[in-house]
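Q: need coordinates for the following:
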Amino acid sequence: MSSARRNDPQVEASPSPPAVDRLSKLPMELLQKIFDDAYATDKPTEPLSRTLLPLFDRCVWRDVKVVGDKRLVAFSATFQTRPSVGRHCRTLKVQHLKSPAVSQASLEAVFANLPNLTKLVVHDDWEMFLDVLLPAGRQALFPFSSSIRHFACLCKTQRADPYHPAYLGSLASMTNLTVLQLILRHKSRIKTLRSRAHGGAVPLPPLDVLSVSVSHGPSFDSLHLLLQSVPTIKTLVVKHYEEPSSLVKVISALAAPEHVAQLFLITSSTLHSALPAELKQLAGLKQIIFRGNFSRLGRDSFDVLRALPLERIEVCKKSDISAIELSLLVDGPRRLSSLKKLKLDNVDGKAGDVADVTYEDVAMDFEPAGWELPMWTSSFGYDDYLDLKMKATKANVAISGTVKNAARVEEKWEMAILALEDDSEEWDLYDSEIDEEYWLLEDGCG
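A: Predicted structure coming up:
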């Protein structure tokens, strides 16, 4: 064929030979290892070939996260056409559901096709998941009952007594559970119930983690039965803990309080009262975690902590606690000798460029671009933290967490202030201009 003819657009090019799928010819065990390594962090976007579709499904469906109502609809629809993908699913997380986007039958079809599920986490603002997973008055059997290790329902409900044994029958067949999280909040306030929970407790295996919520209204009898039914618990999470009496009831219901090694207290409002003395029954407690406003915990509460063999104390984000009381816990005649670590995430910040800080920012209490100044509190101030840090260093107690970054931001901010103050003439002039502008406004001029 001549050169002119080769360049003629009217002449069709010879079809390319089909790509050779050499990858599909490898042994399946080797292919699985290749896919596991190649997609350890990111999932493949599409199957490479029909032959490799099972490996694609294995990667894509192994860990599934469904966010929002629309995604749940699409997820459920997949099980109508390809129910076989469910066998690959090991972890399923569903969250941010605001309306009943799918039918109860659709959800039941999904869970009927997850035979190898090991972790299930549901955040739900409506009750259909509860009706499917923890139906009233009967034990729902799922194909994953023997494989599930982590079962979490963090749901809003109008069940008057959500921990009643009549709702928890499905848990009896989950014999290999190690983590059980039942954070059940009422959509609206429920009247206090006087009736007792009838029937026996649902038998449960020893748990690494048990999470429960305590709220006003429902009878404590059902939650008491649940707590007693667990032979041992390593980590106990108590959410919506508002008063010492509720924590006293939780501790008194534990079958083996001495086996609890970690306690996580979460409150949604300012805790006004002290930690109860009954906390001392947790004789093996090594770690306590605070999330919420615990700024009013005083000397009595910290004396309770001194009676425990604590090695680690954590304070979470959006939380508050007394830095002075922590300092006394760390060093001095009343120190907690077993304490080794403090993890403080209650304060954080972000440092920008010192050159971007202006006189106006300082005078008007503005936050310069690129800066996020730490939100120190009256209970946990910067100077109090510096004192805590000094005593912790002396006592060989390690401090970690975002508070260390907050302190660095504070130091850099002070450097920016000093840099501005070095130019005293310009600083005084700016102050005068601010004063003049203030008085002009007071006189009604401007």
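Q: C-alpha only now, for contacts and for neighbours.
A: Fine.
Q: what distance do you get for Val94 to Arg71?
A: Val94 sits 9 Å away from Arg71, going by Cα to Cα, to the nearest Å.
Q: ok, those two, which is more surrounded?
A: Using other Cα atoms under 10 Å as the criterion, Val94 and Arg71 rank with Val94 on top: 20 against 15.
Q: what's near enough to touch that one?
A: Applying Cα atoms under 8 Å, 6 or more residues apart in numbering to Val94 gives the contacts 65-68, 72, 121-124.
Q: let's see 10 Å
A: Val94 sits next to 64-69, 71-72, 120-124, 129, 153 when contact means Cα atoms under 10 Å, 6 or more residues apart in numbering.
Q: any low-confidence regions in the stretch 51-200 of the chain?
A: Regions of the stretch 51-200 of the chain meeting the criterion pLDDT under 70 cover residues 51-53, 188-199.
Q: re earlier: overlap in contacts of Val94 and Arg71?
A: Counting by Cα under 10 Å, 6+ apart, the residues touching both Val94 and Arg71 are Lys65.
Q: related to what we said a few turns ago, ranking the contacts of Val94 by neighbours, who comes first?
A: Most neighbours among the contacts of Val94, by other Cα under 10 Å: Asp124, with 23 neighbours.
Q: that residue bridge partners, please.
A: Beta-bridge partners of Asp124, counted by DSSP bridges, are Leu97, Cys155.
Q: contact partners for it?
A: Asp124 makes contact with 68, 94-100, 130, 153-157, 184 under the criterion Cα under 10 Å, 6+ apart.
Q: just those now: which is nearest Gly381?
A: For the contacts of Asp124, the minimum distance to Gly381 (Cα to Cα) is 34.1 Å, reached by Leu154.
Q: buried subset of the contacts of Asp124, written for ChimeraX?
A: Selection command for ChimeraX covering only the buried members of the contacts of Asp124, criterion 16 or more other Cα atoms under 10 Å:
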select :68,94,95,97,100,130,153,154,155,156,157,184
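Q: any idea how many residues pack against Ala277?
A: Using other Cα under 10 Å, Ala277 has 15 neighbouring residues.
Q: my bad, should have said Val202
A: Neighbour count for Val202, taken as other Cα under 10 Å: 20.
Q: tell me the secondary structure at it.
A: Here Val202 is recorded as coil under DSSP: H, G, I helix; E, B strand; the rest coil.
Q: quick one: contacts for it?
A: Listed by Cα under 10 Å, 6+ apart, the contact partners of Val202 are 164-173, 225-226, 228-230.
Q: ok, so of these, who is nearest Asp208?
A: Nearest member of these to Asp208, counting by Cα to Cα, is Val230, at 10.4 Å.
Q: which non-adjacent residue is nearest the closest one?
A: Leu204 (5.4 Å; Cα to Cα, 6 or more residues apart in numbering).
Q: so how far is the first residue of stretch 150-167 from its last?
A: Stretch 150-167 stretches 18 Å from its first residue to its last (Cα to Cα).
Q: need the helices for this protein, in chain order.
A: Here the chain has its helices, by DSSP state H, at 3-6, 28-38, 53-60, 69-81, 104-111, 128-133, 221-228, 244-253, 299-306, 323-330, 359-363, 382-395, 403-421, 424-442.
Q: closest one to Trp371 among the ones you listed?
A: When the helices of the chain are compared (using Cα to Cα), the closest one is helix 403-421, at 8.6 Å.
Q: that closest one: which residues count as buried?
A: Neighbour-count burial for helix 403-421, counted by 16+ other Cα under 10 Å, picks out 403-410, 412-413, 416-417, 420.
Q: what is the orientation angle of it with helix 382-395?
A: Calculated by axes from the mean of the first three to the mean of the last three Cα atoms, to 10 degrees, helix 403-421 forms an angle of 130 degrees with helix 382-395.
Q: number the chain from 19, please
A: Yep, numbering from 19; the last one is helix 421-439 now.
Q: keeping just the C-alphas, turn helix 421-439 into PDB.
A: Provided in PDB are the C-alpha atoms of helix 421-439 (Å, rounded to 0.1, in the frame of the first residue of the first chain):
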ATOM      1  CA  VAL A 421      -3.000  19.700  73.500                       C
ATOM      2  CA  LYS A 422       0.700  19.600  72.600                       C
ATOM      3  CA  ASN A 423      -0.100  21.100  69.200                       C
ATOM      4  CA  ALA A 424      -2.300  23.700  70.900                       C
ATOM      5  CA  ALA A 425       0.600  24.700  73.100                       C
ATOM      6  CA  ARG A 426       2.800  25.100  70.100                       C
ATOM      7  CA  VAL A 427       0.200  27.300  68.400                       C
ATOM      8  CA  GLU A 428       0.000  29.400  71.600                       C
ATOM      9  CA  GLU A 429       3.800  29.800  71.700                       C
ATOM     10  CA  LYS A 430       3.800  30.900  68.000                       C
ATOM     11  CA  TRP A 431       1.000  33.400  68.700                       C
ATOM     12  CA  GLU A 432       2.900  34.900  71.500                       C
ATOM     13  CA  MET A 433       5.900  35.300  69.200                       C
ATOM     14  CA  ALA A 434       3.700  37.100  66.700                       C
ATOM     15  CA  ILE A 435       2.500  39.500  69.500                       C
ATOM     16  CA  LEU A 436       6.100  40.200  70.600                       C
ATOM     17  CA  ALA A 437       7.100  40.900  67.000                       C
ATOM     18  CA  LEU A 438       4.400  43.500  66.800                       C
ATOM     19  CA  GLU A 439       5.300  45.000  70.200                       C
END
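Q: against which helices or strands is that helix packed?
A: Applying 3 or more Cα pairs under 10 Å, 6 or more residues apart in numbering; DSSP states H and E, we find helix 421-439 packed against strand 359-362, helix 377-381, helix 400-413, helix 442-460.
Q: relative to Leu186, how far out is the residue lying closest to Pro101 once chain neighbours are set aside?
A: Residue nearest to Pro101 in three dimensions, not counting chain neighbours: Asn131, with 6.3 Å by Cα to Cα, 6+ apart. The gap separating Asn131 from Leu186 is 21 Å, by Cα to Cα.
Q: can you check Asp226 too?
A: From Asp226 over to Leu186 the distance is 19 Å, taken as Cα to Cα.
Q: more neighbours: these two, which one.
A: A direct count of neighbours by other Cα under 10 Å for Asp226 and Leu186 places Leu186 higher, at 22 against 18.
Q: and the gap between the closest residue to that one other than its chain neighbours and Gly370?
A: With Cα to Cα, 6+ apart as the criterion, Leu186 has its nearest non-adjacent residue at 5.9 Å, and that residue is Leu152. Applying Cα to Cα, the value for Leu152 to Gly370 is 50 Å.
Q: ok, these two, which is more surrounded?
A: Taking neighbours as other Cα under 10 Å, Leu152 and Gly370 compare with Leu152 leading, 20 against 17.
Q: show me the contacts for the spatially closest residue to Arg352 that is not a sequence neighbour.
A: Distance criterion Cα to Cα, 6+ apart; nearest residue to Arg352, sequence neighbours excluded, is Leu346 at 6.7 Å. By Cα under 10 Å, 6+ apart, the contact set of Leu346 is 317, 320, 352-354, 406, 409-410.
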